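Visitor: Sequence plus the predicted model coming up.
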Amino acid sequence: MSITAEIICIGTELLLGEILNSNSQYLAQQLAKLGITHFYQTVVGDNPERIQKVLAIAASRSNLIITTGGLGPTPDDLTTATIADFFATPLIEHPQIWADIQQKYIGQTITANNRKQALLPQGAEILTNPVGTAPGMIWQPRPSLMILTFPGVPSELYAMWEQFAVPVLRSQGWVKETFYSKVLLYWGIPESTLAEQVNTFFTLTNPTVAPYANYGQARLRITARAATTEAAQALIAPVEAEIKQITGKYCYGADQDTLADVVGIFLKKYNQTLAVAESCTGGWLGETITSIPSSSTYFLGGVISYSNKVKTQILKVSASDLEQYGAVSAEVAKQMALGVKNLLQSDWAISITGIAGPDGGSVSKPVGCVYVGIADPQGQVEAIAYKFNPNRDRHWIRMVSVYSALDQLRQRFVMI
């Protein structure tokens, strides 16, 4: 039997945009890993009639339906009862669920609404919730259809999926193959240029290669289908190696790697330290670096030199150069980098100065004009000029400034 899954996320708060629907993304990723095809996702409010309409459509075209939300103790948590009613099946109380709920509510008030969480359609199996009080269910209302229900709380969904749902899908033969993806990460190269360099790979069928981009970062996703994860990885390996050889220095990592991760690895490898001086990014570069555990082993600190006074008095930037070239200039970026390097006695230093907008630009220095300074252990300093898209918002310009600065340092380590 060919397995086709469908995701139904239930909750009026999702329709109103009050919370981000991260559950659908998570489940889509997990289904892909299991090699289960999935074509549709639906969001529906806490309304029995509309939930049943969505169920009718899903049951007509898919044989694995996964729902999230609507399993809690409040009156608008209607998922279980609505599914049972749709299939004209009575609800049965499970004593073990009720006992688990009572145990988890020791010292708290338990209401009749809590008890309804112990009700499942006749014939359904319990999908244990090791984190919260709302269990899900695993139910086959007919031989060719399986329904899995999960709470809407992401941490509860993740635990239930990994510990209980996946083993059931495997043991009952619903998982036939495994899809495994590896995402190569790029900075400093446009998606269109990257795609042109590797366009011959886009015709592959197993593995497949696809480009996409987000916030200035280009990515290549390599996906293989095989009986096991190990076999899929073996299919990906030669394609990955060939792509990396073609794309060269722009590939900084894969999957969950970040530029801050990679820079930190290099600094630890060479037992070197880093300091930063920031103007337009206002501490974002330092925050990004320190988001990495153990960054204290190589990151000494930084100076947020937002005003010219701080630039001259703390970083020893020349007042005459500030007057002649302006705060946003190669000359000032270099002096900022050298200034914080000398101040904190670091091996490396990065500086950022620019115009993040939406105001402050000019014809010669428009919004998006940014300079990054890099000072190396020998005291040599270089400034790199960027002209980011002035139509982007302030947040975007500051963010790509931080990542571009980190990438400049990464590239210098690559050349060592």
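Guide: Nice, I can see it. Numbering: from 1, shown residues only.

Visitor: Which residues outside whichever strand or helix holds Leu235 are in contact with it?
Guide: Assigned by DSSP states H and E, Leu235 falls within helix 229-247. Contacts of helix 229-247 with the rest of the structure, by Cβ atoms under 8 Å, 6 or more residues apart in numbering, involve 178-180, 182, 184, 186, 189, 194, 197-198, 201, 204, 206-207, 209, 220, 222-226, 251. C-beta here means a position set from N, CA and C on the backbone, and glycine is covered the same way.

Visitor: what helix or strand is Leu31 on?
Guide: helix 22-34.

Visitor: Kindly report the same for Ala213.
Guide: strand 208-214.

Visitor: The helix or strand just after that strand: how far from the chain's middle?
Guide: Remark: after strand 208-214, the chain's next helix or strand is strand 217-226, criterion DSSP H and E. On the basis of Cα atoms, centre = their mean, to the nearest Å, strand 217-226 sits 15 Å off its chain's mean C-alpha point.

Visitor: buried stuff in stretch 52-62?
Guide: If you call a residue buried by 16 or more other Cβ atoms under 10 Å, then stretch 52-62 has these buried ones: Gln52, Val54, Leu55, Ala58, Ala59, Ser62.

Visitor: repeat for stretch 260-274
Guide: For stretch 260-274, burial by neighbour count (16+ other Cβ under 10 Å) applies to Ala260, Asp261, Val262, Val263, Gly264, Ile265, Phe266, Leu267, Thr273, Leu274.

Visitor: And stretch 60-79, by the same measure?
Guide: For stretch 60-79, the neighbour count (16+ other Cβ under 10 Å) marks 62-73, 77-79 as buried.

Visitor: which ones among the residues you listed are found in strands?
Guide: Leu64, Ile65, Ile66, Thr67, Thr68 (DSSP state E).

Visitor: Quick check: Leu274 vs Trp284, distance?
Guide: 15 Å (Cβ to Cβ, to the nearest Å).

Visitor: ugh, wrong one, I meant Leu91
Guide: Leu91 is 52 Å from Trp284, by Cβ to Cβ.

Visitor: Which one's more surrounded, the two?
Guide: Trp284 (20 against 17; other Cβ atoms under 10 Å).

Visitor: Who's the closest spatial neighbour of the more buried one, skipping the chain neighbours?
Guide: Sequence neighbours aside, Val402 is the residue nearest to Trp284 in space, at 5.0 Å (criterion: Cβ to Cβ, 6 or more residues apart in numbering).

Visitor: can you pull out the strands in the stretch 251-400 of the chain?
Guide: In the stretch 251-400 of the chain, the strands defined using DSSP state E, counting those that start in this stretch lie at 251-254, 274-278, 299-304, 348-354, 369-375, 381-387.

Visitor: for Pro366, what are its contacts?
Guide: Taking Cβ under 8 Å, 6+ apart as the test, what Pro366 contacts is Ile355, Lys387, Pro390.

Visitor: Make sure I have this right: Glu13 is in a strand.
Guide: No: assigned with DSSP: H, G, I helix; E, B strand; the rest coil, Glu13 falls outside any strand and is helix.

Visitor: How confident was the prediction at the residue lying closest to Gly123 once chain neighbours are set aside?
Guide: The shortest distance from Gly123 to any non-neighbouring residue, by Cβ to Cβ, 6+ apart, is to Trp139 (6.5 Å). On pLDDT, Trp139 comes in at 97.

Visitor: and Trp139, how far is that from Ile65?
Guide: Distance of Trp139 to Ile65, given as Cβ to Cβ: 10 Å.

Visitor: Which neighbours do those two have in common?
Guide: By the contact definition Cβ under 8 Å, 6+ apart, Trp139 and Ile65 are jointly contacted by Met146, Ile147.

Visitor: Would you map out the domains in the protein?
Guide: Domain ranges of the chain: 4-171, 179-254, 259-414, per automatic domain parsing.

Visitor: Most tightly packed of those?
Guide: domain 259-414 (a mean of 19; mean count of other Cβ atoms under 10 Å).

Visitor: Kindly check the end-to-end length of that domain for me.
Guide: 13 Å (Cα to Cα, to the nearest Å).

Visitor: what secondary structure does the residue nearest to Val44 when sequence neighbours are not counted sit in?
Guide: Closest residue in space to Val44, ignoring its immediate chain neighbours: Val54 at 4.8 Å, by Cβ to Cβ, 6+ apart. Counting by three-state DSSP, the backbone at Val54 sits in helix.

Visitor: Quick check: Val54 vs Ala260, distance?
Guide: For Val54 relative to Ala260 (Cβ to Cβ), the value is 42 Å.

Visitor: is it possible to export the buried residues of stretch 52-62 to CSV including pLDDT and distance to Val370?
Guide: Shown next, in CSV, are the buried residues of stretch 52-62 (pLDDT from 0 to 100; distance: Cβ to Cβ, whole Å):
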residue, pLDDT, distance to Val370
Gln52, 97, 54
Val54, 97, 48
Leu55, 97, 52
Ala58, 98, 49
Ala59, 97, 54
Ser62, 96, 48
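
Visitor: What is the nearest of those residues to Val43?
Guide: Among the buried residues of stretch 52-62, Val54 lies closest to Val43 (Cβ to Cβ), at 9.1 Å.

Visitor: Quick check: that closest one touching Val43?
Guide: No: if you go by Cβ atoms under 8 Å, Val54 and Val43 don't touch, sitting 9.1 Å apart.

Visitor: Between these two, which contacts overlap?
Guide: With Cβ under 8 Å, 6+ apart as the test, Val54 and Val43 both reach Ile8.

Visitor: just for the stretch 201-350 of the chain, where's the confidence low?
Guide: Of all residues in the stretch 201-350 of the chain, none has pLDDT under 70.
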